[in-house]
Each structure stands twice: as structure tokens, then as C-alpha cells.
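Undergrad: make a model of this:
(one chain, ligands or ions: 1)
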Amino acid sequence: MTLPTELVPLLQALVRIPSPNPPGDTRDVAAFIADWMRAITLGAEVTTPAPEDKPEAVSVIATIGKGHPIVLVHAHIDTVPIAQQEARRWSVDPYAAEIRANRVYGKGSVDDKAPLAAMMIAFVEAAQKGISGTLVLVAAAEEEVGGQLGTKWLADNGNLPAADFFIIGEQTHNHAAIAHKGVIRAEIRATGRAAHATNPDRGINAITAMAKVVLALEQYHASLRDRVHPLIGTATCNVGVIHGGSTFNAVPDTCTILVDRRMIPHDDPAEVQDELRAIVARVAAEVAPAELTIGEFLVSGWFSSTLDSALGQTFLDCIRAELDESPGPIGYLPGSDAKHVQDLAAQSGGEIVVFGPGSYEVAHAFDEYVDIDELQETINILRRFLNETLALKGDEG
Ligand SMILES: [Zn+2]
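TA: Reported below is the predicted structural model:
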């Protein structure tokens, strides 16, 4: 098989290797990327690490050069799965990578195989020219399920360097994003006592108790309006699901809700959990003898960086030169793997930018696509940046 070395054919080849998560088996797409990097990039060190807990979640890391600056480019290789309802709405085969009206369509076409393809080609071009410093490409598994066994695992197990500059490929319309929210999810459960509805006073109504929790959380949400981040807005609290009761004629003995609490950068997850526990404890005192419990917290961190360094400023300049408009910085509303490299960046005093073509609103929907002109801008910005930061100075070549 001949390997595609042009941007759009490479993207099409990547889209044609499905990598939905769940289940998150990235062995095929990772093998393609590793083979491609080895065959096309002479001298790159290529590894394919995977965690013991999920050996099919294979990532790819390719490295060229040595010393500083260390630039790390990162894109994830898993995609969201195609839900049954969504499948009916696709007007093209989601894994055919069809081109229509100057767009490449397909699952993963924009999220996240478009930035990946641009990074792979920019990497190879830099390798061919020779670089001064280190360039690392990370094609990561597991982002769509939170990255614990993907980028977080890679970072915690010494697979990633403390780079001076991290570029995390996601959908920002090629602007520089330096913050996204985090989230804490929890289940709250009310327990009462069942009784026949003809005599409700003999029971303890779990739904009534939970109603007070819901109202308290609504008040809490309103109080969060004062916690504002300049790029991504406010912290929030939302009750997304409620379940309780079984029939008309019984006092319900259980009711549960699912709560989603968005954090802005610098919110302390432990403090936020304490706030939620305190609300539940306060309402519990009011609704006794109904009992309230708050269950295991699921935490996904926020991300925040600056672009003050010479590398950061150069990145902004490269966007400005290519787009001829303000490069940002902007906020990015969904989460990303950027949160998992923050500790590495802190070690090196490095900075992180989230950057790539397209919009996250197109990313998890039917008829996902990337605009080819916009993808071309992505690679032009990457080329320009690598050229300005890693190019060999005259006599070194
Ligand atoms: Zn993504």
C-alpha cells in the first residue's frame, strides 16, 4: 500500500480507519500512524505505548531532534461513537471520508484527525529540513472518555517530555485557546419511606425532599454568577436528570438526581465538592427524617495557560500572519487533553495552546466535516511556527 503524503489524502486515510470510543480500540489507527511515521520520517524515534489496564488503547509518540526548545504537538485518535439515531441522519458514509463542496466528511474528520493530519505532515517536513531543538508528536488514545488511560497515563508514566510549548489539536477555528472549564459530576440520593397514597402522612416522600435539594442547587447556581473567567464565562451548576417514584398511588421512597458542576480555571475541586456536600447537609437537616446522600464525585479538571513566552507570542504572530485577524487568546468551551499536560508544562515553565480547524459544534454531530481551506490554514500556521522556532540556524545545517 502506498502511503498518502498529501494533507487531504492523509486525512481521508485516517478517517477510513474507525476508532470509536467506546470501545476505544485504537490499535489499527495507531499502527497506521506508527508505520507512516517510520516510513516517511527518517530518523524519528517512534513508540506505541498502551496502558496495562487497557492494552487496546494504543497511542503513538514520535520524536526528532534533541535539546531545547521542546515543542510537543498533540491530537487524539479516538472519536465519539456513532449513536443509532445519529447513524440515520448521516447523508454520507461516516467512514468513507467523502469530499463534497471542499469539505472532507466523516466521523473524526474534524475531531480530531484533521489537526492530526496537519501535525503529521508538518512534523515530517520539519524532520526533512532538520531542526534545532526537539519536536514530539503525540497521537493519543482515550480523549473522548476523559483521557485517564490516554494522555494522563502517558504523562504520569514518563512517556511525555516537559515541553516548552504544547499544541493540543482541537476545534478552535485556528485561533489560540488557553482555557477551558472543568467539571464535577455527582449523584444525590434521597431516601424516604413508602406508604399508600391514600395516607401519605404515614410515609416519607423522597421526591419532596429532593425538590428542596433541586431548589437549593438552583440558588447555588445563581450564586456562582460572580465567579467569572474572562475567556470562558462563569462557573455553573445544573441538575440534568431526576428519577423517583414508581406509581400514582404510593409515596416514593427514593429519588436521585445527577448534578453537573462546571468549574472555571483555579476553582479547587476539593472546595467545590465541599460546597456541594454542605448544600446537601443543610437540606438534609430540613427534610429529616428523609435522608440525603451525595455519591462518588467524578472530576475532570479545567485547563488554563498563558501565551506570554517568546514561543507563545510567536504562535500568536503565526496565526495573525495566516488569518489576517486577531489570533486570540480565546476560551474553548468543551474539555480537552490540555488539562493532562498542565503539570508537565508547570515543570518546564512551558505554555499550552489548544488549536485546530473547525468548530466543536460540528465535532460530535452527524455529517461531521472539516473545511479543506481551513485545514490548509492549520498546516500553514504549524509550518510557520515550527520554522520560526525550530529551524536550523545557517551554519548548523
Ligand atoms: Zn476532540
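Undergrad: going forward, measure contacts between C-alpha atoms and count neighbours the same way
TA: OK.
Undergrad: leaving out the residues flanking it, which one is nearest to L375?
TA: Nearest non-adjacent residue to L375, counting by CA to CA, 6 or more residues apart in numbering: P357, 5.7 Å away.
Undergrad: center of this protein, which residue is that?
TA: Geometric centre of the chain, nearest residue: S336, 2.1 Å, by CA atoms, centre = their mean.
Undergrad: what pLDDT does the model give that residue?
TA: S336 is assigned a predicted lDDT (pLDDT) of 94.
Undergrad: now do E396
TA: Looking at E396, the pLDDT reads 47.
Undergrad: how is this structure carved up into domains?
TA: 7-179+303-396, 182-300 (automatic domain parsing).
Undergrad: could you identify which of those domains is most buried?
TA: Sort these by mean neighbour count, taking mean count of other CA atoms under 10 Å, and domain 7-179+303-396 sits at the top with a mean of 20.
Undergrad: low-confidence ranges in this protein?
TA: Applying pLDDT under 70 to the chain picks out residues 1, 394-397.
Undergrad: so where do the helices sit in it?
TA: 7-15, 27-40, 84-89, 113-129, 151-156, 206-223, 269-287, 310-323, 342-348, 360-363, 372-390 (DSSP state H).
Undergrad: okay if I get the ones you listed as CSV plus distance to T172?
TA: Converted to CSV, the helices of the chain look like this (distance: least, CA to CA, whole Å):
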stretch, distance to T172
helix 7-15, 18
helix 27-40, 24
helix 84-89, 24
helix 113-129, 11
helix 151-156, 20
helix 206-223, 28
helix 269-287, 26
helix 310-323, 12
helix 342-348, 19
helix 360-363, 7
helix 372-390, 10
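Undergrad: minimum distance to F248: which of those helices has it?
TA: For F248, the closest of those is helix 206-223, at 12.7 Å, according to CA to CA.
Undergrad: all strands of the stretch 101-250 of the chain, in order?
TA: Secondary structure of the stretch 101-250 of the chain (DSSP state E, counting those that start in this stretch): strands at 103-105, 133-140, 165-169, 179-180, 182-191, 195-196, 228-229, 233-234, 236-244, 250-251.
Undergrad: can you list those strands in TSV and add distance to E56?
TA: What follows is these, written out as TSV (distance: least, CA to CA, whole Å):
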stretch	distance to E56
strand 103-105	26
strand 133-140	12
strand 165-169	22
strand 179-180	29
strand 182-191	27
strand 195-196	50
strand 228-229	38
strand 233-234	38
strand 236-244	32
strand 250-251	48
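Undergrad: how close does the residue nearest to L375 get to I379?
TA: Distance, P357 to I379, by CA to CA, to the nearest Å: 9 Å.
Undergrad: what's stretch 87-98 in contact with?
TA: For stretch 87-98, the external contacting residues (CA atoms under 8 Å, 6 or more residues apart in numbering) are 12-13, 15-18, 104-107, 109, 366-367.
Undergrad: for the residues you listed, name the two members farthest from one another.
TA: Taking CA to CA, no two of the contacts of stretch 87-98 sit farther apart than A13 and F366, at 19.5 Å.
Undergrad: dump stretch 362-369 to PDB, restricted to CA.
TA: Taking C-alpha atoms only, stretch 362-369 is exported to PDB below (Å, rounded to 0.1, in the frame of the first residue of the first chain):
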ATOM      1  CA  VAL A 362     -19.600  20.200  14.300                       C
ATOM      2  CA  ALA A 363     -17.500  17.700  16.100                       C
ATOM      3  CA  HIS A 364     -19.900  15.400  17.800                       C
ATOM      4  CA  ALA A 365     -22.700  15.600  15.300                       C
ATOM      5  CA  PHE A 366     -23.900  13.900  12.200                       C
ATOM      6  CA  ASP A 367     -22.300  14.900   8.900                       C
ATOM      7  CA  GLU A 368     -19.100  16.000  10.700                       C
ATOM      8  CA  TYR A 369     -16.700  17.600   8.300                       C
END
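Undergrad: residues in contact with R103?
TA: Each residue near R103 by CA under 8 Å, 6+ apart is listed here: Y369, V370, D371, I372.
Undergrad: let me know the closest of those to T79.
TA: Looking across those and measuring by CA to CA, the closest to T79 is Y369, at 13.1 Å.
Undergrad: correct me if wrong: the closest one contacts G106.
TA: Yes: between Y369 and G106 there is a contact at 6.0 Å, judged by CA atoms under 8 Å.
Undergrad: so who does the nearest residue to I40 once chain neighbours are set aside touch?
TA: Leaving out its chain neighbours, the residue that sits closest to I40 by CA to CA, 6+ apart is V124, at 7.0 Å. Counting by CA under 8 Å, 6+ apart, V124 touches M37, I40, T41.
Undergrad: kindly report the same for I121.
TA: T5, E6, L7, I379.
Undergrad: let's see it at 7 Å
TA: By CA atoms under 7 Å, 6 or more residues apart in numbering, I121 lies in contact with L7.
Undergrad: with L307 instead?
TA: Q313, E351.
Undergrad: now it. Its backbone dihedrals?
TA: Dihedral pair for L307: phi -130, psi 50, per degrees, to the nearest 10.
Undergrad: distance of it from L316?
TA: For L307 relative to L316 (CA to CA), the value is 8 Å.
Undergrad: run the chain-centre distance for stretch 176-188.
TA: With CA atoms, centre = their mean, to the nearest Å as the basis, stretch 176-188 stands 10 Å off its chain's centre.
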